[in-house]
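quick one, fold the following:
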Amino acid sequence: MFFSIIIPVFNRPDEVVALLESICFQDIHQLEVIVVEDGSTLSCGERIASFGERLSLRYVSQENTGQGFARNHGISLARGDFFIFFDSDCVLPEGYFVALEKAIQSRNLDAFGGPDDAGAGFSAFQKAMNFSMTSFWTTGGIRGKLKNATKFQARGFNMGFSRTVFERIGGFIDPNMAEDIEISMRIKKAGFRLELVKDAYVFHHRKNTFVSFLKQSFQFGRNRVHISTYHPDAVRLVHILPALFLLGLLALPIFFLLLPSMWKIVAAVYSSWCLGVLVSATLTSGSAYIGILSLVTSIGQLGAYGAGFMRQCFFR
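As a prediction, the model looks like this:
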């Protein structure tokens, strides 16, 4: 199987170098890499030129169009029979393509999505963000831990589909507002087989500050409503829960002053959730400090997502 790896990049030269380095150590030779510089002011062209000696590498630069359309540009240049998309801040573990190719062939997949994880060398805050984005205790639980792999919606940081899929349904139709989830839904509705491949995971080396993490979560909430423009069935109960979480949190003072009996019930629910996050994150990471940070990032992630969701509902 010949893989075409397509990487859109915007002002991340250091991260692209790390990603390409991890690709060089994979046990596979039938692949090409296409890096699409999407209007960056910090170009990675010179930094990655030497990888042309170790990989079949093509670098192209364009005016900024958004990551979805940058991926389309990469597809137009690709020679492979299966396209794989990575965000530029990801790093591949050893054996990624071996696990992926095995899953594609044994499960007869037309498309796939893989999860993300935090590497051992990540900072405490990066590990806390990873917990918030992947945990059962937040909306992240749908991101890579579904028991039913067929229900998974692939994300652009680690996903792919065959040339046959592309020739049937086309590429990404939105530049940067959940374009990955939209195409995942379109792939499934066209009758193709898209599933989660748990063993094809990546280390997602996020460089967010807490403020930028909140902004990103806010945008994710907006994106989910935006997808319903294309797919009215895109919004389900699980996507409304963060808005209810935020509204309940904001209503706590009102319950305390006007409905003390209700306040006790709501406060108990939030306390139980906080304890669950704290214990789960601490046990998962082996660090109470990361557990506390994870509680902060989880509250921030759910609250910001809920705010973005409500904002888009009212002003779209």
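
shaky segments in the stretch 151-300 of the chain?
By pLDDT under 70, the stretch 151-300 of the chain has no low-scoring segment.

which residue ranges of it form strands?
Taking DSSP state E, counting those that start in this stretch as the criterion, the stretch 151-300 of the chain contains strands spanning 158-162, 194-196, 202-204.

again, but for the stretch 1-150 of the chain
With DSSP E, counting those that start in this stretch as the criterion, the stretch 1-150 of the chain has strands spanning 3-9, 31-38, 57-62, 82-86, 90-91, 111-113, 116-117.

got the ones you listed as a markdown table, with distance to residue 100 and mean neighbour count columns?
(Each C-beta comes from the backbone N, C-alpha and C, glycine too.) Formatted as a markdown table, the strands of the stretch 1-150 of the chain follow (distance: least, CB to CB, whole Å; neighbours: other CB atoms under 10 Å):
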| stretch | distance to residue 100 | mean neighbour count |
| --- | --- | --- |
| strand 3-9 | 8 | 25 |
| strand 31-38 | 11 | 23 |
| strand 57-62 | 20 | 16 |
| strand 82-86 | 8 | 25 |
| strand 90-91 | 14 | 20 |
| strand 111-113 | 7 | 25 |
| strand 116-117 | 14 | 18 |
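
if we can go back for a sec, tell me the most buried of the strands of the stretch 151-300 of the chain?
Of all the strands of the stretch 151-300 of the chain, strand 158-162 carries the top mean neighbour count, a mean of 25, counting by mean count of other CB atoms under 10 Å.

rewinding a little: redo the strands of the stretch 151-300 of the chain as a markdown table? Include distance to residue 89.
Formatted as a markdown table, the strands of the stretch 151-300 of the chain follow (distance: least, CB to CB, whole Å):
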| stretch | distance to residue 89 |
| --- | --- |
| strand 158-162 | 11 |
| strand 194-196 | 21 |
| strand 202-204 | 7 |
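
my read: residue 45 touches residue 59, true?
Yes - using CB atoms under 8 Å, residue 45 is in contact with residue 59, at 5.5 Å.

identify the contacts common to those two.
residue 37 (CB atoms under 8 Å, 6 or more residues apart in numbering).

count the neighbours of residue 185 for me.
Using other CB atoms under 10 Å, residue 185 has 19 neighbouring residues.

could you do residue 94 as well?
Neighbours around residue 94, by other CB under 10 Å: 11.

and if you look at residue 240?
Using other CB under 10 Å, residue 240 is surrounded by 15 other residues.

can you check the one 4 residues further on too?
As a burial measure, residue 244 scores 13 neighbours (other CB under 10 Å).

same deal with residue 13?
17.

then residue 275?
Neighbour tally, residue 275, other CB under 10 Å: 11.

the helix ranked longest in the chain packs against which elements?
Criterion DSSP state H: the longest helix present in the chain is helix 288-315. The contact analysis (3 or more CB pairs under 8 Å, 6 or more residues apart in numbering; DSSP states H and E) places helix 288-315 against helix 124-134, helix 210-227, helix 237-258, helix 260-285.

tell me which of those is the most buried.
Burial of the helices and strands packed on helix 288-315 is given as mean neighbour count (mean count of other CB under 10 Å); helix 124-134 ranks first at a mean of 23.

which other residues reach that one?
Residues from elsewhere that reach helix 124-134 (CB under 8 Å, 6+ apart): 115-118, 122, 138, 140-141, 143-145, 204-206, 208, 210, 213, 280-281, 284-285, 287, 289-290, 293-294, 296-298, 300-301.

same thing but at 6 Å, please
The set of residues external to helix 124-134 that reach it, using CB atoms under 6 Å, 6 or more residues apart in numbering, is 118, 138, 140, 143, 206, 213, 281, 285, 289-290, 293-294, 297-298, 301.
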